[in-house]
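[1] Show me the folded form of this:
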Amino acid sequence: MAGRSRYFVGYLSESGAQHVRAYKYAGGDDSLILKYVTNPIYERLVLLFPTWLAPNIITLAGLCCTASTYVLFHHYCPFLYGVAPWWAYVLNAMSILAYQGLDAMDGKQARRTGSGSALGLLFDHGCDAFNGTIMSLTMCSVAQMGPGLVSFTMWMSATAVFLSATIEEFYTGEMRLGLINGPNEGLMIAVVSIIVTVM
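    Next comes the predicted model:
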């Protein structure tokens, strides 16, 4: 095993490990909400994080927010229907906003501290993929869809959007999000839907 990277032994060839180490993220987000509303807030908030805080911890904290509300709704609505306490819906809306913000700020923290890496991007995308599943199932509970084709379609829609964006990034070398996209406008629509449910 001489000459092979100690981090990727058994998973990648030496050539593959060199590509991972040399990887540079390319992409952009043209969302109007991000540009004019949330990004100015995130630019200020990220400065509150200490420079020793690893970007992957920020990513994981965001995932924990939505995962905790998934567990909460699974407790109150185990079959994707039923009524949870009003505060659970408010907490769910807040956790989505927290996830959205932390998911945007992890990259800012990585650039700010010079600690960005391919592994960090992989971890971020992995958390996003997992979040797409748990958040779509939580939204099925909020909308009282129950088990069946409608909930399956909701889950598949979230999964397909993420998968198609990942495939596009693989072939084009960059991830570009349009004027209206899931990580910004889509999550805001989810938050508004939850607040309307509480009212």
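
[2] Provide the contact partners of the helix or strand where residue 58 lies at residue level.
    Following DSSP states H and E, one finds residue 58 within helix 55-76. By C-beta atoms under 8 Å, 6 or more residues apart in numbering, the residues outside helix 55-76 that reach it are 49, 82-85, 88, 91-92, 95-96, 98-103, 105-107, 109-110, 113, 115-116, 120, 123-124, 127, 130-131, 134-135, 137-138, 141-142. From N, CA and C alone the C-beta is placed, and that goes for glycine too.

[3] With just CA atoms, put the least confident helix or strand in the chain by mean pLDDT into PDB.
    Counting by mean pLDDT, DSSP states H and E, the chain has its least confident helix or strand at helix 14-22, which shows a mean of 74. This file holds the C-alpha atoms of helix 14-22, laid out as PDB (Å, rounded to 0.1, in the frame of the first residue of the first chain):
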ATOM      1  CA  GLU A  14      -4.100   6.800  -5.700                       C
ATOM      2  CA  SER A  15      -5.200   8.600  -8.900                       C
ATOM      3  CA  GLY A  16      -8.700   9.000  -7.500                       C
ATOM      4  CA  ALA A  17      -7.400  10.300  -4.200                       C
ATOM      5  CA  GLN A  18      -5.300  12.900  -6.000                       C
ATOM      6  CA  HIS A  19      -8.400  14.100  -7.900                       C
ATOM      7  CA  VAL A  20     -10.300  14.400  -4.600                       C
ATOM      8  CA  ARG A  21      -7.500  16.400  -3.000                       C
ATOM      9  CA  ALA A  22      -7.300  18.700  -6.100                       C
END
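
[4] immediately after it, which helix or strand?
    In N-to-C order, the element after helix 14-22 by DSSP H and E is strand 27-29.

[5] which helices and strands sit right next to that following strand?
    strand 175-177 (3 or more C-beta pairs under 8 Å, 6 or more residues apart in numbering; DSSP states H and E).

[6] what packs against the strand it packs on?
    strand 27-29, helix 149-172.

[7] Pairing partners for the shortest one, with directions?
    The sheet places strand 27-29 alongside strand 175-177 (parallel), with pairing taken from DSSP bridges.

[8] Sort out which residues of the partner strand are buried, please.
    175, 177 (16 or more other C-beta atoms under 10 Å).

[9] For the most centrally placed residue in the chain, give its distance to residue 66.
    The chain has residue 128 as the residue nearest its centroid, 3.3 Å off, counting by C-alpha atoms, centre = their mean. Per C-beta to C-beta, to the nearest Å, residue 128 is found 11 Å from residue 66.
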